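S.K.: pasting the structure only:
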């Protein structure tokens, strides 16, 4: 009996931890989405040109897994001229392989008027990829944890009802 109680408590903590982990990721995703929305509402727009691609190897050097993708990733370097007239260059925070942009490609740039070096390419990956990953993963994990918690609770209740009915039923001799 004591082993069952310990197992039940361990399951409860695991379910609680799963829901909490998912909720944390969901909150991070919502915060990142809020940052993107805030950036969009304050951002000025300008036309820019991809002047180069910065190739970096972003793989984890501590990983011993031979199946990891060790291909370099291209980060676009964009030059644009904000309203103040000073040409500005920035490297976008999102890279890919194959490259999402080509050298010489024209792109729309979003930047803060008071800080033109804080700029991003107006694209899905630059603005919404991280919020989507964190929010989606958080929603998925906390949703699974919640479903497991509900199913576990219903099973425990129905087991309790069956045990109570069996205890109350008179035994035939």
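M.R.: Sure, I can see it. If you're wondering where the values come from, they're calculated on a predicted model, not measured in any experiment.

S.K.: okay, helices next: where are they in this structure?
M.R.: Using DSSP state H, the helices of the chain run over 2-42, 124-168.

S.K.: of all the ones you listed, which lies closest to residue 118?
M.R.: helix 2-42 (8.4 Å; CB to CB). The way it works is simple: take the backbone N, C-alpha and C, and place the C-beta from them, glycine included.

S.K.: report the angle between that closest one and helix 124-168.
M.R.: Interaxial angle, helix 2-42 versus helix 124-168 (axes from the mean of the first three to the mean of the last three CA atoms, to 10 degrees): 150 degrees.

S.K.: so which residue is smack in the middle of the chain?
M.R.: residue 134 (1.5 Å; CA atoms, centre = their mean).

S.K.: with adjacent residues omitted, what lies nearest to it?
M.R.: In space, and not counting its chain neighbours, residue 134 is closest to residue 29: 3.5 Å by CB to CB, 6 or more residues apart in numbering.

S.K.: ok, the one you found - contacts?
M.R.: Neighbouring residues of residue 29 by CB atoms under 8 Å, 6 or more residues apart in numbering: 130-139.

S.K.: report the buried members of those residues.
M.R.: By neighbour count, with 16 or more other CB atoms under 10 Å, the contacts of residue 29 hold 130-131, 134-135, 137-138 as buried.

S.K.: quick one: list the elements packing against the helix or strand of the chain with the lowest mean pLDDT.
M.R.: Every helix and strand in the chain was compared by mean pLDDT, DSSP states H and E; the lowest is helix 124-168, with a mean of 85. Helix 124-168 sits against helix 2-42, with contacts defined as 3 or more CB pairs under 8 Å, 6 or more residues apart in numbering; DSSP states H and E.

S.K.: the helix it packs on: how far from the chain's middle?
M.R.: Relative to its parent chain, helix 2-42 has a centroid offset of 12 Å by CA atoms, centre = their mean, to the nearest Å.

S.K.: tally of neighbours for residue 24?
M.R.: Residues near residue 24, counting by other CB atoms under 10 Å, number 14.

S.K.: what's the closest non-adjacent residue to it?
M.R.: In space, and not counting its chain neighbours, residue 24 is closest to residue 138: 6.9 Å by CB to CB, 6+ apart.

S.K.: check residue 143 too.
M.R.: Closest to residue 143 by CB to CB, 6+ apart is residue 22, at 7.1 Å.

S.K.: brilliant, that's me finished.
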